[in-house]
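S.K.: here is my input, please return the structure:
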Amino acid sequence: MILFDTHAHFNVQTPAQEQFERAIASGFTGILAMGGSAEMNSCAIKLAKENPDFVCVSLGLDRDLALEYADSPTAIPELRELLQATAQKVRVVAVGEIGLDYREDTSELEKAAQRKLFSQQLQLAAELKLPVSIHCRGAADDVLSIVAEYGSKELMAENRLGVVHCFTEDVDFATKAYGMGLYFGISGIVTFRNADLLRSTVSKLPIERILIETDCPYLSPVPMRGKPCEPAFARYTAECVAGLHGLDIEAFGEISTANARKLFAL
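M.R.: Okay, the predicted model is just below:
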């Protein structure tokens, strides 16, 4: 069995090397270490330098930094410089995590800042010809409209614009996202007892656009609920998705890993 974790977060306290050993023993061929803040970007780069054959990176400014960075004249130029400089040392395969998160307490000012920062990074990704890793919660319409306007037309045409990570949207959203060249990152949420609607949606997703992710250290799948998530746990998510599509884990692992390699040009 082979698998690839397409969305994993690490910080300086994470026992990452031990987690990598367990992931390799479970059949994983690689991990995409996800940025989103100065600390996560730095940690992802460090881990990729230490594990160049196993770890690749995605760097970006996540939505919770929008009020700080959306109107900064230096934020995007500095991110561009970081992406370009890092690409000389390790495998930089995406821009992210970026996107929108409209919680009940999110102000209109913050929503506007999130949209601006999201748009700016989509434009940067298009400039650098990199796919994006998109966070979307409570903001489906805005995510789709902004991606349609600012996403790379070149990568859309190649059907590798990016991935909607931790996918929990409906079939209508998935149909529109598919048309824009987006993939669907399925996390441990799909295994939760109250996730029948998501499982129904995932069963309808095109298999050639499905990726497996952990979003670790969050969202541990059943039967690992209550434990900090780590990449090796993604096998339980993969088993669930494989069953939804009538496949065994070995066949699905090969398909989802090939999908990751295509999207991220690995």
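S.K.: packing partners for the host helix or strand of residue 78?
M.R.: Element membership for residue 78, per DSSP states H and E: helix 75-86. Counting contacts by 3 or more C-beta pairs under 8 Å, 6 or more residues apart in numbering; DSSP states H and E, helix 75-86 packs against strand 55-61, strand 92-101, helix 108-128. In this view, the C-beta of every residue, glycine as well, is placed from N, C-alpha and C.
S.K.: endpoints of stretch 120-136, how far apart?
M.R.: 16 Å (C-alpha to C-alpha, to the nearest Å).
S.K.: let me redo that: stretch 155-172
M.R.: Start-to-end, stretch 155-172 (C-alpha to C-alpha) is 22 Å.
S.K.: buried sites along it?
M.R.: 155-156, 159-169 (16 or more other C-beta atoms under 10 Å).
S.K.: for residue 13, give me the pLDDT.
M.R.: What the model reports for residue 13 is a pLDDT of 86.
S.K.: OK, contacts around residue 136?
M.R.: 99-101, 143, 164, 169 (C-beta atoms under 8 Å, 6 or more residues apart in numbering).
S.K.: picking that back up, what is the nearest of the buried residues of stretch 155-172 to residue 139?
M.R.: Ranked by distance to residue 139 (C-beta to C-beta), the buried residues of stretch 155-172 are led by residue 169 at 10.1 Å.
S.K.: please identify the helix or strand for residue 35.
M.R.: strand 28-36.
S.K.: hmm, who's touching that strand?
M.R.: 2-10, 20, 23, 40-41, 43-44, 47-48, 54-62, 65, 93-94, 96-98, 133, 231-232, 234, 257, 260, 264, 266.
S.K.: okay, angle between the helix holding residue 78 and strand 28-36 too, please.
M.R.: Between the axes of helix 75-86 and strand 28-36, defined by axes from the mean of the first three to the mean of the last three C-alpha atoms, to 10 degrees, the angle is 150 degrees.
S.K.: all strands for the stretch 151-266 of the chain, in order.
M.R.: For the stretch 151-266 of the chain, strands defined by DSSP state E, counting those that start in this stretch occupy the ranges 162-164, 182-186, 210-212.
S.K.: each with direction, which strands does the strand holding residue 35 pair with?
M.R.: Note on strand 28-36: by DSSP bridges, its sheet partners are strand 3-8 (parallel), strand 55-61 (parallel).
S.K.: now render those as TSV, adding mean neighbour count and distance to residue 80.
M.R.: Output for these, formatted as TSV (neighbours: other C-beta atoms under 10 Å; distance: least, C-beta to C-beta, whole Å):
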stretch	mean neighbour count	distance to residue 80
strand 3-8	28	22
strand 55-61	27	10
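S.K.: of the ones you listed, which is nearest residue 173?
M.R.: By C-beta to C-beta (comparing all of the strands paired with strand 28-36), the closest turns out to be strand 3-8, at 18.3 Å.
S.K.: next secondary structure element downstream of the closest one?
M.R.: Next element after strand 3-8 (DSSP H and E): helix 16-25.
S.K.: from the chain's centroid, how far away is that next one?
M.R.: 20 Å (C-alpha atoms, centre = their mean, to the nearest Å).
S.K.: what's the answer for stretch 210-223, then?
M.R.: Distance, centroid of stretch 210-223 to centroid of chain: 11 Å (C-alpha atoms, centre = their mean).
S.K.: could I get that stretch in PDB with only the CA atoms?
M.R.: C-alpha atoms of stretch 210-223 as PDB (Å, rounded to 0.1, in the frame of the first residue of the first chain):
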ATOM      1  CA  ILE A 210      -9.500  12.900  -4.400                       C
ATOM      2  CA  LEU A 211      -6.600  13.400  -2.100                       C
ATOM      3  CA  ILE A 212      -6.000  12.100   1.400                       C
ATOM      4  CA  GLU A 213      -4.900  14.400   4.200                       C
ATOM      5  CA  THR A 214      -4.600  14.500   8.000                       C
ATOM      6  CA  ASP A 215      -4.600  18.300   8.800                       C
ATOM      7  CA  CYS A 216      -2.600  17.000  11.700                       C
ATOM      8  CA  PRO A 217      -2.400  17.600  14.600                       C
ATOM      9  CA  TYR A 218      -6.200  18.000  14.200                       C
ATOM     10  CA  LEU A 219      -9.100  15.800  13.100                       C
ATOM     11  CA  SER A 220      -7.900  12.400  14.100                       C
ATOM     12  CA  PRO A 221     -10.000   9.800  12.300                       C
ATOM     13  CA  VAL A 222     -11.900   7.000  13.900                       C
ATOM     14  CA  PRO A 223     -10.600   4.800  15.600                       C
END
